[in-house]
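Colleague: No letters, just coordinates:
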């Protein structure tokens, strides 16, 4: 995106010579700005003027405009008359390094409240029973919660818990507590590990409506099977995070 | 989703009594089937008949149909005349437990090839220079690659590397090698750790076209700053994975 001073080299430079499309440059710039937006890198949440961004990043104003269009389409920024381009997204960091409930992980950012949409025993389908280590067709507790921070939906969580523990969850305050904390309290032992899988999916119409997001909005989908420290699986969850409200961060190591 | 036998309990049961919408049940079923699709849980990649799924999961055929519609919309399954409903997605597992390049992590699934769209020195914008620990406005090597497995696009990767190492990357075969491997070869030391952030975003029109995905398709966006074992940051990447082709899995621990 900045001035390209292409050097003479063998094969790769043939590719380098290709004229870069403005769309490529706009994406490249948008990614750099996205990081600054997410990490509160703009004082007061106000972006510099287009000309200043162009000078900083050595790109044309048209490229800056196109990059800002991309970020606006993602719901991260808005143009406000008399103010300029401001950050409007509230994207919260969710740790990937440690197993935590939503209220725990977002403690610094506000209070998580849960709208319990459903809580009832259901007959465990085969795959659920196997993963939770309970007999097929036995009961498990099914909980469906819409989770909010600052009043706005963050995630829609579908949870299955073995019935011996689940029956006691029915008497707990699920509106104001992470299930993780309740599981530890009820079983008297800490959680151990969780197998997680993260995917990006487009929200179907109904999920989008529940999450108050546009139809087709990108959703960060987390599937998580959580075990007690003694290894027993106790919590199978399918969580749809609004893509515009959550970023997951962690540290990876090269060595095992 | 299975028959609800609601018990008499205090607050939560008020919520449980609400009539479950079929859309909720369809989502719940779709999530369970999605797991089986991803983990090759259907022999021969063929789903059971709607009636059989309905019996297994104790839901109506209409709910089964609606769940299959959701999975079809995600591009995971298709109805094939004379065969039934078959798995068509090739969703590859990308580990979250260990820092690996794409070719390394997908070795069992095929050969990753890289179309090098751009490789050239650029003047590092401030945020890139700071994160890579090089002087502001000094040169860094910028690499843009479209990465494919089995001929189909998997990801679009934008990469920044400090110029002292980057200059030597220009002579390497970037089409057939992970940058990670090349960095280790060139520096003579293994990589150490990487700070990663994962987000779900909707692909803009141009990124979607490059990835051969529908406009607005959900993309798993990975930002990764990778360090050598001695702690030096050497590789800043912005990676857009096609949401329908990658699932990231790992193990989280409750204790630090």
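Modeller: Everything's here; your move. Not measured: the values here are computed from a predicted model. Numbering: from 1, shown residues only, chains lettered A, B, ... in the order given.

Colleague: was I right about residue A:22 contacting residue A:62?
Modeller: Yes - contact criterion C-beta atoms under 8 Å: residue A:22 and residue A:62 qualify, at 6.6 Å. Placement of C-beta: from N, CA and C, glycine included.

Colleague: Let me see the ranges of the strands in the stretch 51-200 of chain A.
Modeller: Here the stretch 51-200 of chain A has its strands, by DSSP state E, counting those that start in this stretch, at A:77-80, A:84-87, A:92-95, A:112-123, A:139-149, A:152-162, A:191-202.

Colleague: would you list those strands in TSV and tack on mean pLDDT, distance to chain B and mean neighbour count?
Modeller: Listed next are the strands of the stretch 51-200 of chain A as TSV, based on pLDDT from 0 to 100; distance: least, C-beta to the nearest C-beta, whole Å; neighbours: other C-beta atoms under 10 Å in any protein chain shown:
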stretch	mean pLDDT	distance to chain B	mean neighbour count
strand A:77-80	94	14	15
strand A:84-87	95	15	18
strand A:92-95	88	8	18
strand A:112-123	94	4	21
strand A:139-149	96	7	22
strand A:152-162	97	6	22
strand A:191-202	96	4	22
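
Colleague: I'd like the mean pLDDT over stretch A:209-217, please.
Modeller: Taken as a whole, stretch A:209-217 has a mean pLDDT of 95.

Colleague: May I see the strands of the stretch 51-200 of chain A arranged in a markdown table, with distance to residue A:34 as well?
Modeller: Listed next are the strands of the stretch 51-200 of chain A as a markdown table, based on distance: least, C-beta to C-beta, whole Å:
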| stretch | distance to residue A:34 |
| --- | --- |
| strand A:77-80 | 10 |
| strand A:84-87 | 11 |
| strand A:92-95 | 14 |
| strand A:112-123 | 25 |
| strand A:139-149 | 21 |
| strand A:152-162 | 19 |
| strand A:191-202 | 15 |
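
Colleague: Tell me which of these approaches residue B:29 most closely.
Modeller: Closest of the strands of the stretch 51-200 of chain A to residue B:29 is strand A:152-162, at 10.4 Å (criterion: C-beta to C-beta).

Colleague: Which strands or helices does the closest one pack on?
Modeller: helix A:126-132, strand A:139-149, helix A:179-187, helix A:205-211, strand A:233-242, helix B:22-38 (3 or more C-beta pairs under 8 Å, 6 or more residues apart in numbering or on different chains; DSSP states H and E).

Colleague: Tell me which of those sits most buried.
Modeller: Looking across the helices and strands packed on strand A:152-162 with neighbours counted as mean count of other C-beta atoms under 10 Å in any protein chain shown, the highest average goes to strand A:233-242: a mean of 24.

Colleague: Run the chain-centre distance for that strand.
Modeller: Mean-position distance between strand A:233-242 and its chain equals 13 Å (C-alpha atoms, centre = their mean, to the nearest Å).

Colleague: and if you look at stretch A:193-208?
Modeller: In terms of C-alpha atoms, centre = their mean, the centre of stretch A:193-208 is found 9 Å from the chain centre.

Colleague: swap in stretch A:235-254?
Modeller: That offset, for stretch A:235-254, works out to 5 Å (C-alpha atoms, centre = their mean).

Colleague: Ok, stretch A:229-243 next?
Modeller: With C-alpha atoms, centre = their mean as the basis, stretch A:229-243 stands 15 Å off its chain's centre.

Colleague: Repeat that for stretch A:46-56.
Modeller: In terms of C-alpha atoms, centre = their mean, the centre of stretch A:46-56 is found 28 Å from the chain centre.

Colleague: Let me see the mean pLDDT of that stretch.
Modeller: Per-residue scores along stretch A:46-56 average to 94.

Colleague: That stretch near chain B at all?
Modeller: Yes - Stretch A:46-56 reaches chain B (C-beta under 8 Å from any C-beta of the partner chain) through residue A:56.

Colleague: can you list contacts of that stretch?
Modeller: Stretch A:46-56 has contacts (C-beta atoms under 8 Å, 6 or more residues apart in numbering or on different chains) with A:29, A:33, A:42, A:60-61, A:63-65, A:68, A:77, A:83-87, B:125-126.
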